[in-house]
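In: What would the 3D arrangement of this be:
(4 chains)
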There are 4 protein chains.
Amino acid sequence: MASKYLRDPVHGSIGFDKDREKLVIDLINTREFQRLRRIRQLGALFLTFHGAEHTRFTHSLGVAYMARRIFDALLAAGQVQQKGRALERTRLVAIVAALLHDLGHGPFSHLYEKVFNDRRHEEWTGLIIRQARGEVGRLLRRAGLVEEVLGVYGRTYRPAFVSDLVSSQLDADRLDYLLRDSFMTGVAYGKYDLEWILTNLRLARRGGRDAELRLAINGLKGYHAAEQFVIGRYLMYQQVYYHKTSRSAEQMIRTALQRLVDAHGETGRFPDPCPASIRRLIETRGNLPVEDYLRLDDWLFLSAFQEWALSPQGKVDPILRDLCDRITRRHLFKTVRLTADTRHKAFGQAIEELNGQFRRKGFDPRYYLLEDDASDLPYRDLAYSDRMGTAPEDIGLAVRGRIVGYMSERGISPLIDSIRNEPRKLQRLCFPSAMRSTVERRLRAFIASERQ
Amino acid sequence: MASKYLRDPVHGSIGFDKDREKLVIDLINTREFQRLRRIRQLGALFLTFHGAEHTRFTHSLGVAYMARRIFDALLAAGQVQQKGRALERTRLVAIVAALLHDLGHGPFSHLYEKVFNDRRHEEWTGLIIRQARGEVGRLLRRAGLVEEVLGVYGRTYRPAFVSDLVSSQLDADRLDYLLRDSFMTGVAYGKYDLEWILTNLRLARRGGRDAELRLAINGLKGYHAAEQFVIGRYLMYQQVYYHKTSRSAEQMIRTALQRLVDAHGETGRFPDPCPASIRRLIETRGNLPVEDYLRLDDWLFLSAFQEWALSPQGKVDPILRDLCDRITRRHLFKTVRLTADTRHKAFGQAIEELNGQFRRKGFDPRYYLLEDDASDLPYRDLAYSDRMGTAPEDIGLAVRGRIVGYMSERGISPLIDSIRNEPRKLQRLCFPSAMRSTVERRLRAFIASERQ
Amino acid sequence: MASKYLRDPVHGSIGFDKDREKLVIDLINTREFQRLRRIRQLGALFLTFHGAEHTRFTHSLGVAYMARRIFDALLAAGQVQQKGRALERTRLVAIVAALLHDLGHGPFSHLYEKVFNDRRHEEWTGLIIRQARGEVGRLLRRAGLVEEVLGVYGRTYRPAFVSDLVSSQLDADRLDYLLRDSFMTGVAYGKYDLEWILTNLRLARRGGRDAELRLAINGLKGYHAAEQFVIGRYLMYQQVYYHKTSRSAEQMIRTALQRLVDAHGETGRFPDPCPASIRRLIETRGNLPVEDYLRLDDWLFLSAFQEWALSPQGKVDPILRDLCDRITRRHLFKTVRLTADTRHKAFGQAIEELNGQFRRKGFDPRYYLLEDDASDLPYRDLAYSDRMGTAPEDIGLAVRGRIVGYMSERGISPLIDSIRNEPRKLQRLCFPSAMRSTVERRLRAFIASERQ
Amino acid sequence: MASKYLRDPVHGSIGFDKDREKLVIDLINTREFQRLRRIRQLGALFLTFHGAEHTRFTHSLGVAYMARRIFDALLAAGQVQQKGRALERTRLVAIVAALLHDLGHGPFSHLYEKVFNDRRHEEWTGLIIRQARGEVGRLLRRAGLVEEVLGVYGRTYRPAFVSDLVSSQLDADRLDYLLRDSFMTGVAYGKYDLEWILTNLRLARRGGRDAELRLAINGLKGYHAAEQFVIGRYLMYQQVYYHKTSRSAEQMIRTALQRLVDAHGETGRFPDPCPASIRRLIETRGNLPVEDYLRLDDWLFLSAFQEWALSPQGKVDPILRDLCDRITRRHLFKTVRLTADTRHKAFGQAIEELNGQFRRKGFDPRYYLLEDDASDLPYRDLAYSDRMGTAPEDIGLAVRGRIVGYMSERGISPLIDSIRNEPRKLQRLCFPSAMRSTVERRLRAFIASERQ
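Out: Numbers count the residues shown, from 1 in each chain, chains lettered A, B, ... in the order given. As a prediction, the model looks like this:
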C-alpha cells in the first residue's frame, strides 16, 4: 500500500497508491500529460495577476486528487452501490477521466479556439486519447479504458454520477480551480469550505426508482457550504476572470494570433524565423494532425512573440511585430466599459467614425480597436440546462436518497436566486493608450463606470 | 517609539505605541476591562461550537486594533483633514471608543438583557465610563476624554466619521468579530479580504459641501470586497448565530436566569448557596449600582449553575436545579423549526394543548416549551435606517470624495439586493428531548425542514 | 455510516461515526467530560497570551481526533496486524483512551498539583474512570473497557503501540496541543507538517522477532518532518510555556492557592464567603472524594478570587486578598532571570537579605519573593528514559518494519542533538513591581539578560 | 497618495505609491524586468515540486516589497538617522536595488553559469543597469541612481545598512524566497514569523562610535524568531533545494546545455532548427552582448528542447536529442547517495569501471554518469565570512544600539550552533534508470541511505 506523494501548494500533498492507482502515476509521466506544464491554467491572466503562473499540469493533478477524494467521501458515506472489482474499476475510471479532462487544451486555451476554431479542446482530448501511437492512448488501451473514459466525458458511462464528478456544478474541476486560482492570484474570494462539502456529498435520485443516482449535496447539512461555493465562484468571475486588465491581456494575445494568420493570408509569408510547428499551424488553419497539435504550447508562442518583437524590420509583419512588442513588455491596451446602449444605431456610427480615426493614426482597427464581451450567466438552472442540452449546472439537494429540490429554485437561496436572474453583461472596448482621449471623447455617452 | 505587542490568534500581533497610545495600554490594565475576560463573545454558543471560547476581552482588543488600522489607512489615503495635535487627539478618541464599546456587557450579553431588561449594555457602558471612582473613569477624566468618547457612541462627536468607525456596516467591531468568530468556531464563512477593504476605505460626502464626511468604500475598487464582507456576515448568521443548537443553548440559559428570578418572586427564597452578587441582582431585579453590576460575569453564573445542579434537594428550586443540570451536562433542548403559519389560530390552539401535555408530564411550559424567534434583516438600506432612526447600516460608494450610491440600492449588487428584500424569519420551538415525539405529533402541520 | 461533526478551529471539523464510535460521542456528553470546559488548557497563560482561552475540553476532542487519524493512517499504510472485531475494539480503545487522558486535571492543572500534592492528575483520571457511580465509569463499564483504557495509560495494554499513540514523543496529545497552542497564542512556532507525519507513521520493532511493534516514523521519508516537529516544540517551550510573564502569572496563582491553605492553617478561618467545594478542599488538604474533586475548576477559583479581592477588610486574609486583587486586575509580578551561579553561598546570602527588605516593606517573602525554575530537558534520549523509567521519549526511525535508529542518536540530526545535550535551566525571581529596584540593586551580580 | 496594488499569493497585496515610488512602477514595466517572467525562481525544481512554477519576476516584486517593509519598520522603530529628502532618496535606492537584484539571471540561473561560466549573474545585473540604451538603464540614469544602486551591490553605498537589506542573513531576498518557495512547493518548513522579525529589526554598531550601523535583530525580543528563520532555511535546503530529485533534474538540464556546447565543438554543427539567440550563445561561448543575453530565458530553451526531442534523426546530435527527450517527458535520472569515502582510491577505480560499463551500453559517461555535490555550510559565522571576504552571514543581536553578540556564537543558540559546525556534504551520482542495478552492484560499499 505504498503511495506516491506529490507536494502541492493548495492541497498540501497529493497521494496516489502505487498499486491501486498505478495507471494514474503512469499517465502523469507521459509526454502528452507533461506538455500541460507548458500551458498556463489562466492563459493571459498572469499579465494581470502576477502570481497566476500555474499551469494545466498542476491543476489537472489537483482535479484527479479531488475526484479521488469525492469518490472516497461518497464511499465513506455509504453512497456507492458497487462492490469489489467493479467498484475499484469505476473509481479508477473517475480518477483517470478527471486527470485527463484538460489534455486537449491548446496554447492560451480558449483564445486559441477563437482563432483556430475548427475544434474545441474537448474534441482534441478525445483525439489524443484515441491516438494509437500516443503514450496516453497506449496506456489506456492496455488497461481497456479508452471507451470508458470517453464515455464519462460524453455522459454515456454508467454509473452516471461519474460524469457529474468530472463535469457539473460541484465537479472535481471546479473544486480544484476555485481554490487554486484564488490561492495563486492572491484574491481570496474563491476560498470555500471544502471539507464540509466533501462530507456532505450524496448520491440521490430525481424522479422514480428507475432514475439514476446523481451527485448532490446533503440538503439539510450541506446547504450553506454549497451556497458559499457558488457565490465564491461568482465573485471570482467578477473580480479575476472578467477583470478589465485580464480581458485586455486576453484580447491582445488573441489579436496577435489573429494577425499571424491574417498576415500569412494577405502576403503568403511567415514571420522570419518561424518555428516549424507554428508554420504548420498557419498553413493548415488549425487542421493539424494530433502529433503536431501536441507541439503547440504557451511557451512556444511567447518565445516566438519575443523573437518577433526584436527582429529587424521587414522580417516580420509590422502589425504582428508591434503587437508582440506590446505583449512582451506588458504594455497592455486600455479599456472602457460600455453601457447597455450599444445596440443603438448611434453606437454603430460612433464606432465607424472611431475606425476612421484609428486608421488615420496608423492603427488598423481590426487589431487595435477590439470589442470584448464578457457576458456570463453565473448560475444556470435546470430548466436552462435542459433547454440548451448542456451539462446540468444545478446542485441537487438530497434528503434520504432523493433529490428534493435544486439550489437555484426560487425560494431556496435568495443569494443564488439573485445571480441566476442576472446575466451580467460586461462589454468593453480595448485600444492602445495613445488613443484613449480619442475614444473617450467620441464615446462619452456610452461609457459606464468600472467597478471592482 | 517603543511599542507594546500582544500576540493575537486572528491578527498575529496587536501593537500599541507606548507613547502615543499609552492611554490605551493603561485602559487595558483596569479592573473593568479585565472583567471582559470573564464574558464570552458568543455567550452560550460555546455549547454548539466548542472552539468559541473567546471573550469580549480578546474581541475588544481586536476592535481597538482595527480602529487604529482603519484610521491609519484613511490617513495614508489622504482622507483625514485634521493635522497635528487635533489629529492625534481624534485618533486616540477613535481607538479608545473602539476599545471600550463593549465594556457594559453583562453575563451572556443579550440573554442577560432579556431577563434583567432595565438597561441595555450601551447604557451600562456609559455608566461605567462616567463612574468617578472607577479605574476607567479616572483615566478618561484625567485625559479629558469622557465626553468625547460618549459623544462617539451618541453620534454627536465631530468629525462624524469617528462614530462610523465604531458603529456602521463596516465598523471596527464587525471587521473584527466576523474574522474572530469565523476563526474560533471553525466555520469559514466569515473570512473576507481585510487588506483590500482597508486599502479602499474613503471619507466622502452625501449631499452638498456642508454635508459631513462619512466612512465609505472606494466605489470603483472596493466594491467586490465590500460585497463579499456583507455576504460573509449573512452566511455567518445563517450558519452560526442562528444555528438551531446555538439558539437552543441560548434559550436554556435565558430560561434558567428567568427561573432564578421567578422562583425568588414566588417563594422569596434564594438558592442555597448563592453568591452575594447574584443575591443583590435578584433583589434589585437588575437595578444595581455600577460596582455591583461589574461583579457579574459568565463564570459567576456558570459556577453557580454547577453548584445548584449538584446541591441536595430542597436547597434549590427544583426547576432551576433541573435546568442547571441540563446546562452543566450539555443536555440541550431539541428544536423544531416552524413554518410561517404560526399566526394562525390553529397554531395557538396546538400550543395551548401542548402546554397541557407538558404540564401533565411535569414540565412547566414556561421553562420547558420555549418559542425562539431569530428573525433578522441581514442588510438594512438607508431608507429603513432613516425611518427607524438607527445607525446607518448601508455602505456608501465613494468616488472622488462624494458618495455616489449605496451598496443596497437596487441594481448595484444583485447579491445584497437579494438579502435586503428577504427578512428571513426563523421561528423555532425548544423543549426537552423526552417531549420530542409529543411535539412532533401535535405540530406536524407547522414544522418546516431545517437547512444548514 | 452517519457521522457527528464538530467544527474545530484547528482541525476544521472533527467527525465521529455514530455507529462505530458511539461510545466516544456518549463520553463527550458526560458531566465529567463537560467539566473540562471549565479548565483552561494553558492554565494561567491567558494572562500573557490573551488568545489562550482554550480549554482541556477542546484539546481533548482534538486528541481523540488525532488518535483516530493516527490509527487510520497506520491502517491505510498496512501497519496494523489485527483484523475484524479485534481491530475494531483496539481502535475504539485507542480513541477513548486519548479522549479521556486529561480527565483528571484539576484547576490550573500543574499549579494545583504543586499545592495540593497528594495526587497527580493521572491518578485522578484513574479514579474517575473507576468510579462506579460516575457517568464515564458507567459507560466504560457497560462497554467492558475500564481495564483496557487504564491499561493503555499503564503501558500494560497490548498491542503496545496503543500506549505510544497516547503517550510518546509523537503522541496524539502533542500532535494536537502543539498546533492548538500555537494557533491560540498567535505564536507560529508550533506549526508542523501534520499530513506528512501521519502519512509516514509506521509500526516497527527494535530487537528480535519477539520485540513489540512500536510507533515510529518512516526513517527515509518522515525524517525532516519529525525533526521540524521536535524543534517546533522546543521553540514553543522557549517562547510560550517558559515566557517570563507566563511563569510570573503561574507563580501568582500558585502562591494565592498556597496562601489560601496557609491562612486557614494559621487562623483556622476560611475566607468569607467561601464556596462549599473550596472549603472541603482546604479542610482535606486535597484528600477529596472524587465527586468533590470534580466540582473544582478554574472558574470556581477565578470567581472566588474576584469576590475575595472585592470583599471588605477583615472578611478575607489580607495577603490572600491582595494576591487575588493583583490577579484579577492582571497586575503581575515582575521577573528577573538569574545566572547559573545561584548555588553559590553569596546568592543565598543575598536572598536572605532581600527577605528582610521585603518584610520591612510589608511583603511576606513566602508569597512575594518567588523562585521560579523552568528547567527542562527538551528532548530525552532512550538511555535517559530507560534509566528514569519514564515513557520513551525518542522517535524511532523505521525501515521495513525495523527500528534502525533513533532521532536523538548522535549523528542523526544535528539539530536535535544540540537540544538533547542542552538542559536549559531558566531560573527566575518573581516579585511586585514596587520591589524591582531593590531586587535589581541587591542581585546585580546574579541577573542574566532575558532573551525572547 | 494613490497607490498601485499588485495582488500576490504570498503577501496578499503589494502596493507601491504612485508618487514616492513611481520609479519602481516604471522599472517593473521595462522589457528587461518583464523578461524575468520567463525565468523560474527555482530553475529545474518544478520537475520535482510541481507547484514551483513561480518566476524571478514574482520573487523580485516580493523582494522590493520586503525591502520597503524593512525600511519602514526601521523608520517606525526610530532607527534611521536621515531625514527629509536624503531619507526619501535612501529609501528609494533600497527598494530599487532590491527590485533589480536578480535582473542578470540567465536561463535556469545557476545551471547556466556552470556551463557558460564567464560571468556570474551579478555581473550581468551590473551590465544591464549600466547599459545606456536599455530601458532600465535609461530610467536609472534619468533618476541619477545608476552608481548608487551598483554601490549597494558592491557594499560601497552609505548608509551601509542598505546593503544589508539587499544581501545579508536577514535580507529582503531571503525573507521573500523562504516564504515563497515554501508556499509554492507545498513544503511548510520555510514559514516563519515575518511580522515579529520586522517589528524587531534594529540598526546597531559593532565596535566604537565610528563603526557603521548595520542591520541586526533586537537581542532581547527577536531572538527566537531569528532562530526559527535560520532553522527554517536549513530545513528547506535539506528537504527542497537538495532533494535528490531536485538535484537530478538540475543535473539533467546542466548536462543537456553542456552537450549542446560540446556537440557544436565536436562537429561544428548546430541543432536544426536552432533559434538565432541560442546559435549566438554557442558561437560566443557565452560572451554575448547584453542585448543578446537578454533574449535568453527558460522558455526559449525548454521550447527548443521539445523541438529537438521530436526532430527527425540526423537533424540533432543524438545525445542531445536523447537528453531533451528525457527532460521533456520528465524521465529523470535516478540517484544514489554516496558515503564520505569517495576520496578513496577504491572509489575512483569503481567509477572508472562504471564508465566502461556505461560506454558499452551506449551511454557516454560524460553525460550519463553525473557526480552531484550539494555541499553546504548552512550557517557561516562572522569569522568565516571575514576570512573568505564574503558578505557577512551572521545575525547581530542588538541591545540599545550596539551589537552585543551574534546568533552563531557558541552558547547563544544551541540549534544554530549545531548546524554551524555541520557542513553537510551530500554527494550523489545521477544516471539513467536502465543503469541502476549496474551502479548499485558496483558501488554497494559507497552508497549511503537517503533521508528526507
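In: Would you check how far apart the residue in the stretch 1-150 of chain A that chain B sits nearest to and residue A:107 are?
Out: The nearest approach of the stretch 1-150 of chain A to chain B comes at residue A:49, 13.4 Å away (C-beta to the nearest C-beta). Heads up, the C-betas are built off the backbone N, CA and C, glycines and all. Residue A:49 sits 19 Å away from residue A:107, going by C-beta to C-beta, to the nearest Å.
In: Next, see if stretch A:291-304 gets close to chain D.
Out: Yes. Contact of stretch A:291-304 with chain D (C-beta under 8 Å from any C-beta of the partner chain) involves A:295, A:297, A:299, A:300, A:302, A:303.
In: Tell me the one among these nearest to residue B:195.
Out: Of all those, residue A:302 has the smallest distance to residue B:195: 31.2 Å, by C-beta to C-beta.
In: pretty sure the closest one is touching residue D:298, no?
Out: No. Contact criterion C-beta atoms under 8 Å: residue A:302 and residue D:298 do not qualify, at 11.0 Å.
In: hey, what's in contact with both of those two?
Out: Common contacts of residue A:302 and residue D:298, defined by C-beta atoms under 8 Å, 6 or more residues apart in numbering or on different chains, comprise residue D:38.
In: any idea which residue of chain A is furthest from its center?
Out: residue A:360 (37.9 Å; C-alpha atoms, centre = their mean).
In: per-residue confidence for that one?
Out: pLDDT for residue A:360: 97.
In: What about residue A:149, how many residues nearby?
Out: Residues within reach of residue A:149, counting by other C-beta atoms under 10 Å in any protein chain shown, total 27.
In: do the one 4 residues further on as well
Out: Residue A:153 is surrounded by 18 other residues when neighbours are defined as other C-beta under 10 Å.
In: Using the three-state scheme, assign residue A:107.
Out: coil (DSSP: H, G, I helix; E, B strand; the rest coil).
In: correction: residue A:336
Out: strand.
In: Same question for residue A:211.
Out: Classification of residue A:211 using three-state DSSP returns coil.
In: same check, this time on residue A:198
Out: Under three-state DSSP, residue A:198 comes out as helix.
In: quick one: contacts for it?
Out: By C-beta under 8 Å, 6+ apart, residue A:198 lies in contact with A:69, A:70, A:73.
In: From the residues of stretch A:291-304 next to chain D, pick the one nearest chain B.
Out: Checking the residues of stretch A:291-304 next to chain D against chain B with C-beta to the nearest C-beta, the nearest one is residue A:302 at 29.5 Å.
In: State the helix or strand in which that closest one lies.
Out: Applying DSSP states H and E as the criterion places residue A:302 in helix A:298-310.
In: Now tell me what touches the following helix or strand past that helix from outside.
Out: Sequence-wise, the next helix or strand downstream of helix A:298-310 (DSSP H and E) is helix A:318-328. Residues from elsewhere that reach helix A:318-328 (C-beta under 8 Å, 6+ apart): A:47, A:252-253, A:255-256, A:259-260, A:263, A:271, A:302, A:304-306, A:308-309, A:311, A:313, A:316, A:331-333, A:364, A:367, A:432, D:31, D:34.
In: List buried residues within the residues you listed.
Out: Neighbour-count burial (16 or more other C-beta atoms under 10 Å in any protein chain shown) is assigned, among these, to A:47, A:252-253, A:255-256, A:259-260, A:263, A:271, A:302, A:304-306, A:308-309, A:311, A:316, A:332-333, A:367, A:432, D:31, D:34.
In: Could you check the pLDDT of the residue lying closest to residue A:29 once chain neighbours are set aside?
Out: Leaving aside its sequence neighbours, residue A:29 sits nearest to residue D:330 (C-beta to C-beta, 6 or more residues apart in numbering or on different chains; 6.2 Å). We have a pLDDT of 93 for residue D:330.
In: now swap in residue A:382 and tell me
Out: 53.
In: Among the contacts of residue A:198, which are located in helices?
Out: Those of these mapping onto helices are A:69, A:70, A:73, per DSSP state H.
In: Residue of chain A closest to chain B, please.
Out: For chain A, C-beta to the nearest C-beta, closest residue to chain B: residue A:418, 3.4 Å.
In: Now do the end-to-end distance for stretch A:419-438.
Out: Start and end residues of stretch A:419-438 are separated by 35 Å (C-alpha to C-alpha, to the nearest Å).
In: Oh, that last question was meant for stretch A:419-429, not what I typed.
Out: From its first residue to its last, stretch A:419-429 covers 25 Å (C-alpha to C-alpha).
In: what's near enough to touch whatever residue of the stretch 251-400 of chain A ends up closest to chain D?
Out: At 4.2 Å from chain D, residue A:299 is the closest residue in the stretch 251-400 of chain A, using C-beta to the nearest C-beta. Applying C-beta under 8 Å, 6+ apart, we find residue A:299 in contact with A:38, D:299, D:302, D:303.
In: hmm, who's touching stretch A:222-236?
Out: Residues contacting stretch A:222-236 (C-beta under 8 Å, 6+ apart): A:169-170, A:174, A:178, A:181-182, A:187, A:189-193, A:196-197, A:199-202, A:217, A:378-379, A:395, A:397, A:407, A:413, A:415-416, A:419, B:188-189, B:224, B:227-228, B:231, B:235, B:238-239, B:415, B:451-452.
In: In strands only, show me these.
Out: A:201, A:202, A:217, A:397 (DSSP state E).
In: export those to JSON lines and tack on neighbour count and pLDDT?
Out: Output for these, formatted as JSON lines (neighbours: other C-beta atoms under 10 Å in any protein chain shown; pLDDT from 0 to 100):
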{"residue": "A:201", "neighbour count": "24", "pLDDT": "96"}
{"residue": "A:202", "neighbour count": "27", "pLDDT": "97"}
{"residue": "A:217", "neighbour count": "26", "pLDDT": "96"}
{"residue": "A:397", "neighbour count": "26", "pLDDT": "93"}
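In: all strands for the stretch 351-452 of chain A, in order.
Out: Taking DSSP state E, counting those that start in this stretch as the criterion, the stretch 351-452 of chain A carries its strands at A:370-373, A:396-399, A:402-406, A:427-431, A:447-448.
In: Chain C contacts on chain A?
Out: Within chain A, the positions near chain C by C-beta under 8 Å from any C-beta are A:1, A:3, A:5, A:12, A:13, A:15, A:76, A:77, A:78, A:195, A:196, A:199.
In: Counting neighbours, which of those comes out on top?
Out: residue A:196 (25 neighbours).
In: low pLDDT regions in chain A?
Out: Low-confidence segments of chain A, defined by pLDDT under 70, are located at A:1-2, A:117, A:375-393, A:421-424, A:452.
In: Many thanks, I have nothing further to ask.
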